[in-house]
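Visitor: no sequence on this one, just coordinates:
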């Protein structure tokens, strides 16, 4: 074999060896990247799980904070309904509502005069169920704080007036202004005789927070689609496109006449 051929084979072997080393180095780098990426993913997943667990803990603490204290005069299953009107009224309107809900405010603005007229005439009884749907959808605690304050107003015998005041001063849905107890207490000043030390203590202590949370769970368990849910004789009249204050009044008065 000539010297030239030997040199050619040796050079070829060297190139092959160099190529193999290059491939090994590339494979080593690839494995390192995979391991590194896996570690990053695991750490990221752990962080996410930690955040979820922490938030779940907070939500659970909020939901289970303190004993369930129903407001004075609450009725129905688990004492979740605040009644307005005479028990002897032949028609009962059940309303599930959220004080941050703009649709609830629109319903109140349109139907309030008729509801007051029928209740004052002894023809209609309303059962209010207070929930915190918007808190869950947009974050914040305004629904909870306002509902607790309304329950405190019920303790003072001022629920209807304070209820109406909250809706008349409802902030934008994305503005969690009702999360401020100071704001809720200031609004109580618009209702004669409500802004008392007892009311302020009830609001600041969140006396009825757990009651509101229980009402929220009942709302979710009832399979309702949103607020307001307005039931008359078990039928959601809010979903009736033909419903109006005049039609509701006619239905209630017909039932009252027997």
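Guide: Received it, and whenever you're ready, just let me know what you need. Bear in mind the structure is a predicted one, so any value in this text is a computation, not a measurement.
Visitor: Tell me where the protein has strands.
Guide: Secondary structure of the chain (DSSP state E): strands located at 82-84, 91-97, 124-130, 229-232, 235-236.
Visitor: List the pairing partners of the first one within its sheet, with orientation.
Guide: In its sheet, strand 82-84 lies beside strand 124-130 (antiparallel), with partners assigned from DSSP bridges.
Visitor: quick one: average pLDDT of the strand it pairs with?
Guide: Strand 124-130 shows a mean pLDDT of 98.
Visitor: got the angle between it and strand 91-97?
Guide: 20 degrees (axes from the mean of the first three to the mean of the last three C-alpha atoms, to 10 degrees).
Visitor: low pLDDT regions in the stretch 51-200 of the chain?
Guide: 51-65 (pLDDT under 70).
Visitor: cutoff 90 now
Guide: Scanning the stretch 51-200 of the chain for pLDDT under 90 picks out the ranges 51-66.
Visitor: Save the strands of the chain as TSV, and put in mean neighbour count and distance to residue 107 too.
Guide: Glycine gets a C-beta too; all of them are placed from N, C-alpha and C. Shown next, in TSV, are the strands of the chain (neighbours: other C-beta atoms under 10 Å; distance: least, C-beta to C-beta, whole Å):
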stretch	mean neighbour count	distance to residue 107
strand 82-84	22	15
strand 91-97	22	8
strand 124-130	24	12
strand 229-232	20	7
strand 235-236	13	12
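Visitor: Can you give me the neighbour number for the closest residue in space to residue 144 that isn't next to it in sequence?
Guide: Leaving aside its chain neighbours, residue 144 sits nearest to residue 132 (4.6 Å; criterion: C-beta to C-beta, 6 or more residues apart in numbering). The number of residues packed near residue 132 is 27, by other C-beta atoms under 10 Å.
Visitor: wait, what's in contact with residue 132?
Guide: Residue 132 makes contacts with 98, 141, 143, 144, 147, 212, 213, 216, as judged by C-beta atoms under 8 Å, 6 or more residues apart in numbering.
Visitor: quick one: which of the residues you listed sit in helices?
Guide: Judged by DSSP state H, the contacts of residue 132 include 143, 144, 147, 212, 213, 216 as members of helices.
Visitor: Neighbour-wise, give me the winner out of these.
Guide: Most surrounded of these: other C-beta under 10 Å gives residue 147, at 30 neighbours.
Visitor: returning to what we had before: so how far is residue 179 from the residue nearest to residue 144?
Guide: 11 Å (C-beta to C-beta, to the nearest Å).
Visitor: between those two, what contacts are shared?
Guide: residue 141.
Visitor: beta partners of residue 75?
Guide: Beta-bridge pairing for residue 75 (DSSP bridges): residue 81.
Visitor: That one: neighbouring residues, count only.
Guide: Neighbours of residue 75 (other C-beta under 10 Å): 12.
Visitor: Hmm, residue 83 and it touching each other?
Guide: Yes: with contacts counted by C-beta atoms under 8 Å, residue 75 reaches residue 83, the gap being 5.3 Å.
Visitor: Now do the shared contacts for those two.
Guide: Common neighbours of residue 75 and residue 83 (C-beta under 8 Å, 6+ apart) are residue 127.
Visitor: Could I get the full set of helices for the stretch 151-258 of the chain?
Guide: For the stretch 151-258 of the chain, the helices defined by DSSP state H, counting those that start in this stretch cover 159-168, 181-188, 197-205, 209-221, 245-256.
Visitor: between those helices, which one is nearest to residue 137?
Guide: For the helices of the stretch 151-258 of the chain, the distance to residue 137 is smallest for helix 209-221, at 12.0 Å, taking C-beta to C-beta.
Visitor: what packs against the closest one?
Guide: helix 3-64, strand 124-130, helix 133-138, helix 142-155 (3 or more C-beta pairs under 8 Å, 6 or more residues apart in numbering; DSSP states H and E).
Visitor: Which elements pack onto the last one?
Guide: The reference is to helix 142-155. strand 82-84, strand 124-130, helix 133-138, helix 159-168, helix 181-188, helix 197-205, helix 209-221.
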